[in-house]
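Colleague: only geometry, no sequence info:
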């Protein structure tokens, strides 16, 4: 159960992290879409400018043709007829050109600056030409061939440059959308068709007006134009088809193409073959030709308008798509952020918050303060479990604290009890002494004062009484000394153990000589910090014991020191002294027994005076130094006493 | 120079709550050939009463036990040594205790000798002989006030 809930927490965490990643990705997407939207909007402006440039070229083309026709025109009537159309085309040209130039200023593409300057200059030249044309057509009877030629060249050059500018300009926007690029290229080809149609029209107008045959050069020019126009029609159709433009413009396209075809077919036989004019005049006049050609131009213009609208519709659609995408993605972003926030909120309030509370509680518990009951111990997940564990810990901590207090009380009681025991031994031995003295003295006085009146048996018994009271005194004295060992502080000082042994050896020299005993120290002993007189007593006891209870003729006592010692039972100790003899040995069952007070396993071979407290003193002295003592011995194999004079050195050392 | 043995006639006061110990001490003193009168006070209170009474004969030597009920030996010693009329009397501590603290305290309070009561009578006799030799043959005391 708790495992499933653990998965829920992990899931929450994962969802939080995932939604954060998603939010970042979506944000990136939205940013990209914003940029695209800006580009699309710039595309709209660019489309408008492009349209103006296109109009400029188209209208300039019309103006060029009308003006040329008028310059070639023989009669005033024709000139007068054409004059309003010339004015109209001039106005349109200027309007479109000015608008385009105005809009171009906001872009400032460096590579187009030179071209723009050139166009501006040529427009001034165009103004001069217009004045000259107006003057020239005022006298219609004269021919103005040279002016017409120069004007045509001038206008064509400007058209060409405006088209170059248009191409250079739209290049900057073609990477935004491939379809729009194709639309633009479609329009470019429409522009070419318009231009070349206009040139053809102008030439034919002149031929009609002059009733002249085309020169071979002019025929070649017409054929080149026809080829260019045919190619442009074909390419534009492909582009319209590919870009999906065609269905929308189909009827306009067919109309424009048919107008062009009608005009072309009508004139082909008349002009393309030199000498085709069988007679004195062409079957149609210049005015009718202009009428027809103007219709063709207008149908082209209509086609352009339709395609422009279509392009604009397409761009609007793009814009709408981009806006919709931004909206959808923004909503997604908002949702992801909310989900992310929710998961983090959950993590903070369901995980971090309770953990903080528990940390606080643990700190409080460490200071012994009570547990706040607000911990979420009722929850079924690991946070709840943690809280339960914390509660258990705090309970344990309280119990441990209680136990520690109790332990302290018990320790104090034990210390007091030990002290009392020492004091008791001291006082008891003191108080025991007084009656003992009385018994001893009175027995003595009896013996002294009444010896004559006492029989042998009574004298023997009284002597025994004196002896026993003396022995009793020694026991009491030992007890007193033992209690003092427990009561008095150690006078510790750095002590050279070699010196200690040497001192013992010199005080015991007679004893050693009498018993044929020797003390052996295989390696120099260390200097240790201890109570020198007590340690001397300790060693003297061990040495005399080793000799007293020794049945060998040559008694040997070896004393040494080991940095580290591991007993046969596996108990490890450090800084161990040992006293080893070649005596009778001690059976294992007595290894503890021998340290008990007034306990003797056997009478020593040579004396009756021992009270059996020597080893008890030894043990007490060792323990007062914080050390321990133990023996390793088997009967008939000698005995080794091991002891230390300090507490355990590290964790590896066991204590007894 | 005063005579070395002026206090032959002066009594020796034994302050000890134990009748047995008093008996042993008196016997040892007599055996040591001291013929002074020997007086016994069974407690510090009694001893001080005798010592501080008007016209009483001042003892030539005091043997004082330490552990007694009531005013114990330490207190008795302190009072004697602070009393101008008594402080010149030599005080020998004769006690069971061989505790270093007792020894130091008593000498600090002005005790003249400290003897641990031996169980063995011969040892006691030896000690008393030494006492006699020292306090009645050798030592010179300031003149009684």
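Modeller: Looks like it arrived, so ask away. Values in this document were obtained by computation on a predicted structure and should not be read as measured data.

Colleague: what values do phi and psi take at residue B:115?
Modeller: When read as degrees, to the nearest 10, the backbone of residue B:115 gives phi -120, psi 130.

Colleague: my guess is it contacts residue B:94. True?
Modeller: Yes - using CB atoms under 8 Å, residue B:115 is in contact with residue B:94, at 5.1 Å. Quick note: C-beta positions are derived from backbone N, CA and C, even for glycine.

Colleague: any figure for the gap between residue B:88 and residue B:62?
Modeller: Counting by CB to CB, to the nearest Å, the separation of residue B:88 from residue B:62 is 11 Å.

Colleague: cool, and residue A:504?
Modeller: 42 Å.

Colleague: so for those two, which residue has more residues nearby?
Modeller: Using other CB atoms under 10 Å in any protein chain shown as the criterion, residue A:504 and residue B:62 rank with residue B:62 on top: 27 against 21.

Colleague: you'd agree the more buried one is in a strand?
Modeller: Yes - per DSSP: H, G, I helix; E, B strand; the rest coil, residue B:62 lies within a strand segment.

Colleague: can you get me a residue count around whichever residue of chain B sits closest to chain A?
Modeller: Here the residue of chain B nearest chain A is residue B:20; by CB to the nearest CB that distance is 3.6 Å. Counted by other CB under 10 Å, the residues lying close to residue B:20 total 16.

Colleague: likewise residue A:172?
Modeller: A count of nearby residues for residue A:172, using other CB under 10 Å, gives 14.

Colleague: read off the pLDDT value for it.
Modeller: In this model, residue A:172 is scored at 80, pLDDT.

Colleague: so what's it closest to, chain neighbours aside?
Modeller: The shortest distance from residue A:172 to any non-neighbouring residue, by CB to CB, 6 or more residues apart in numbering or on different chains, is to residue A:109 (6.4 Å).

Colleague: who touches that neighbour in this structure?
Modeller: Residues in contact with residue A:109 (CB atoms under 8 Å, 6 or more residues apart in numbering or on different chains) are A:168, A:169, A:172.

Colleague: thought the residue of chain B closest to chain A was touching residue A:437?
Modeller: Yes - here residue B:20 reaches residue A:437: they are 6.7 Å apart, a contact under CB under 8 Å.

Colleague: which residues in chain B form helices?
Modeller: For chain B, applying DSSP state H gives helices covering B:19-31, B:44-52, B:73-82, B:100-109, B:121-131.

Colleague: so which of these comes closest to residue A:162?
Modeller: Closest to residue A:162 of the helices of chain B is helix B:100-109 (CB to CB; 130.2 Å).

Colleague: give the buried residues for the closest one.
Modeller: The neighbour-count check on helix B:100-109 (16 or more other CB atoms under 10 Å in any protein chain shown) flags B:102, B:103, B:105, B:106, B:109 as buried.

Colleague: give me the nearest residue to the first one, chain neighbours excluded.
Modeller: The one in question is residue B:102. Of all residues beyond its chain neighbours, the one nearest residue B:102 is residue B:66 (6.1 Å), with distances taken as CB to CB, 6+ apart.

Colleague: and what of the third one?
Modeller: Residue nearest to residue B:105 in three dimensions, not counting chain neighbours: residue B:74, with 6.2 Å by CB to CB, 6+ apart.

Colleague: give the contact list for the one you found.
Modeller: Applying CB under 8 Å, 6+ apart to residue B:74 gives the contacts B:66, B:102, B:105, B:106, B:109.

Colleague: residue A:528 should be in a strand, yeah?
Modeller: Yes - inclusion of residue A:528 in a strand is indicated when three-state DSSP is applied.

Colleague: and it, what does it touch?
Modeller: Counting by CB under 8 Å, 6+ apart, residue A:528 makes contact with A:494, A:495, A:497, A:575, A:645, A:646.

Colleague: dump those residues to JSON lines, plus secondary structure.
Modeller: Below are the contacts of residue A:528 laid out as JSON lines (three-state DSSP):
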{"residue": "A:494", "secondary structure": "strand"}
{"residue": "A:495", "secondary structure": "strand"}
{"residue": "A:497", "secondary structure": "helix"}
{"residue": "A:575", "secondary structure": "strand"}
{"residue": "A:645", "secondary structure": "coil"}
{"residue": "A:646", "secondary structure": "coil"}
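
Colleague: got a winner among those for most neighbours?
Modeller: Across the contacts of residue A:528, neighbour numbers were computed from other CB under 10 Å; residue A:645 holds the maximum, 24 neighbours.

Colleague: is it true that it touches residue A:627?
Modeller: Yes - assessed by CB under 8 Å, residue A:645 is found in contact with residue A:627 at 4.6 Å.

Colleague: around chain B, pick out the residues from the stretch 451-600 of chain A.
Modeller: For the stretch 451-600 of chain A, the residues in contact with chain B (CB under 8 Å from any CB of the partner chain) are A:469, A:470, A:473.

Colleague: kindly indicate the member of these with the most neighbours.
Modeller: Within these, most neighbours by other CB under 10 Å means residue A:469, with 21 neighbours.

Colleague: and that one, how close does it get to residue A:451?
Modeller: With the distance defined as CB to CB, residue A:469 ends up 18 Å from residue A:451.

Colleague: what of residue A:112?
Modeller: Separation of residue A:112 from residue A:451 (CB to CB) stands at 158 Å.
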